[in-house]
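In: Structure of the sequence below:
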Amino acid sequence: MARSEPVTVDQVREAQGKFKSGVDLHKEKKFKEAIEAFKACASINPLDPQHLQELTRRLKSGSYKLEQEGIAYMGCAAVHLSGLVNELSEEERDQVPVEKSLLEAFNSWD
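Out: Down below sits the predicted model:
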């Protein structure tokens, strides 16, 4: 499956900002707000526009605590952000100050 449009530096910046916001909110135990930030991150130029809806449906059908749902959305957003970063050229990556800790985590997945 291909994205509807090529990934841009601005999209990666926006996604990274929303992901970082979600992580910060999750640490503060503001799980609903964190989930919304992670969903917003994963909604930026998605590979499959239906993926987030499917994840939401599956989580709602289970009996998960809000914190567990937050972790699921965090994982989804992290994989999505990693995919966006990986689609940038080396030159474009230099324009996006991706946090070192995120890059290390992403590189360990490859």
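In: Give me the pLDDT for residue 97.
Out: Residue 97 is assigned 79 on the pLDDT scale.
In: Dihedrals phi and psi, it?
Out: For residue 97, the backbone dihedrals are phi -80, psi 80 (criterion: degrees, to the nearest 10).
In: Now do the contacts for it.
Out: Applying Cβ atoms under 8 Å, 6 or more residues apart in numbering, we find residue 97 in contact with no residue. Heads up, the C-betas are built off the backbone N, CA and C, glycines and all.
In: And the helix or strand where residue 58 lies, what does it pack against?
Out: Using DSSP states H and E, residue 58 sits in helix 51-61. When contacts are defined as 3 or more Cβ pairs under 8 Å, 6 or more residues apart in numbering; DSSP states H and E, helix 51-61 packs onto helix 31-42, helix 66-86.
In: tilt between it and helix 31-42?
Out: Taking axes from the mean of the first three to the mean of the last three Cα atoms, to 10 degrees, one finds helix 51-61 and helix 31-42 inclined to each other by 150 degrees.
In: Enumerate the positions of helix 51-61 that are buried.
Out: 51, 52, 55, 56 (16 or more other Cβ atoms under 10 Å).
In: do stretch 80-87 as well
Out: For stretch 80-87, by 16+ other Cβ under 10 Å, it's 80, 81, 82, 83, 84, 85, 87.
In: and residue 29, what element?
Out: Going by DSSP H and E, residue 29 is not in any helix or strand.
In: measure it to residue 43 for me?
Out: Using Cβ to Cβ, to the nearest Å, residue 29 is found at 23 Å from residue 43.
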